[in-house]
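> with the sequence up front, the predicted model follows.
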Amino acid sequence: MRIGLYPGTFDPITLGHLDIICRAAVLVDRLVIGVAINRDKGPLFTLEERVKMIEAECTTLSNETGCEIVVHPFENLLIDCAHDVGAQMIVRGLRAVADFEYEYQMVGMNRALDSSVETVFLMAEARYQAIASKLVKEIARLGGDIGKFVPPAVEKALKGKFG
Ligand code: ADP
């Protein structure tokens, strides 16, 4: 059974993340979405809120692709999380050059920790490539239209946070 782990903060899940999830879902039998608790980043949404939003968006995706999609919060080392869920593959999304440097280092370090776990990079469709949760939150905070960046339920949740 091919198991992939797609880790991130997902604060909140965006159309960019969902595009990557769709692409990853056709490559594996089970896709585990690893939600980093990431207290240091001071997430806007609680872990429970982030998990619920991902689960809600992924139910139809799972039915459409035939891939089992599960959500797994984690706080330990990424490579240990991969072992915990039995993943042979870590999935990451690549946006611009800015992502490359960090991802390059991550692959090197994770490979040193366990070379049997491969990291696979996927790119979202062009119109979703620039989307970043951080910017979406900023736009929502300032009252801008975020409908092009997140699914309707997430848009509603963001509006709820910022009144
Ligand atoms: P963000 O960087 O938006 O806060 P996360 O930390 O949750 O998002 O990112 C999880 C993974 O999803 C990372 O590999 C990140 O590069 C990827 N990702 C996020 N947004 C996009 C996007 N618009 N296109 C491609 N990959 C993305």
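The structure has been received and is ready for your questions.

> for this structure, what spans make up the strands?
3-8, 30-36, 68-74, 89-93, 118-122 (DSSP state E).

> can you list the residues of the protein near the ligand?
8-10, 14, 16-17, 20, 92-93, 95, 99, 124, 128-129, 131-134 (C-beta under 6 Å from any ligand atom). Just so you know, the C-beta spots here come from the backbone N, C-alpha and C atoms, and that holds for glycine as well.

> buried residues in the lowest-mean-pLDDT helix or strand in the chain?
None of the helices or strands of the chain scores lower by mean pLDDT, DSSP states H and E than helix 97-113, at a mean of 92. The neighbour-count check on helix 97-113 (16 or more other C-beta atoms under 10 Å) flags 103, 110 as buried.

> okay, now the unreliable bits of the protein?
Residue ranges of the chain with pLDDT under 70: none are present.

> let's see it at 80
Residue ranges of the chain with pLDDT under 80: 39-41, 163.

> max-length helix in it?
The single longest helix within the chain, with elements called by DSSP state H, is helix 47-65.

> any idea what the residue nearest to residue 94 when sequence neighbours are not counted is bridged to?
Excluding the flanking residues, the one nearest residue 94 by C-beta to C-beta, 6 or more residues apart in numbering is residue 121, at 4.7 Å. Note on residue 121: beta-bridge partners residue 92, judged by DSSP bridges.

> check contacts around residue 121.
Applying C-beta atoms under 8 Å, 6 or more residues apart in numbering, one finds that residue 121 lies in contact with 92, 93, 94, 103.

> looking at those residues, which one is closest to residue 80?
residue 92 (17.0 Å; C-beta to C-beta).
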